[in-house]
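>>> need a structure here:
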Amino acid sequence: MIKDKKQFVKEFVDTFDPKNIDDIESALKELFSATLEKMLMAEMDQHLGYTKYDYRNKSGRNSRNGFKEKNIVSKYGESTIQVPRDRESTFQPQVVKKGQKNVHGIEDKILSMYAKGLSTRQISESLKDIYGIDTSHETISNITDKILPFIRDWQNRPLEASTLMPSLYR
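Here you go, the predicted model:
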């Protein structure tokens, strides 16, 4: 887990070696794509009823069947993600639906609702009301479990003194 901003920035620079703004944007696009892929994997876990390599909890005949590349457009630009597939072709992803190319804004909404303290049921209902995304609260829970380390790091980041009491530093 990342303990503070300086450590995060060091790891970010060590990993992506950005030289300019375009490199930073490209790295953010990679991080976003990886997060989306984790969310899709959580949906697949929910769909199949067991996590990858947890065959003891497998109850049906359906199983994972690799991935399909999908091109998407987000606020970070165009990118390609790996969408998990199942053998029976019954998996209907909700975070990035079949045929959906534009995912601009969805990521912010889920994290924002979670950060505001909404329950997974409330997030599920809000996504249905606002975006027409029909996602169970169990799936939202699995998604937040997969990205929770990122959320905890953000929540536990140290704040600069000027953001704590801005009127005292003017």
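
>>> Surely residue 103 touches residue 73?
Yes - using Cβ atoms under 8 Å, residue 103 is in contact with residue 73, at 7.2 Å. In short, each C-beta sits where N, CA and C put it, glycine included.

>>> Those two: who's more crowded?
Between residue 103 and residue 73, counted using other Cβ atoms under 10 Å, residue 103 has the larger neighbour count: 21 against 13.

>>> what about the most centrally placed residue in the chain, which SS state?
With the centre of the chain defined as its mean C-alpha position, the nearest residue by Cα atoms, centre = their mean is residue 35, 3.7 Å away. Using DSSP: H, G, I helix; E, B strand; the rest coil, the structure places residue 35 in helix.

>>> now it: how far from residue 43?
Separation of residue 35 from residue 43 (Cβ to Cβ, to the nearest Å): 13 Å.

>>> just to revisit the earlier point, check the gap between the residue nearest to the centre of the chain and residue 119 for me.
According to Cβ to Cβ, residue 35 and residue 119 sit 21 Å apart.

>>> so how many other residues sit close to residue 36?
Residue 36: 24 surrounding residues under other Cβ under 10 Å.

>>> out of everything not next to it in sequence, what's closest to it?
Nearest non-adjacent residue to residue 36, counting by Cβ to Cβ, 6 or more residues apart in numbering: residue 81, 5.4 Å away.

>>> Now do the same for that neighbour: its pLDDT.
What the model reports for residue 81 is a pLDDT of 94.

>>> This protein: helices as residue ranges?
5-16, 21-48, 106-115, 120-131, 137-155, 161-164 (DSSP state H).

>>> rank those helices by pLDDT, which is bottom?
Out of the helices of the chain, helix 161-164 stands lowest, with a mean of 51 (criterion: mean pLDDT).
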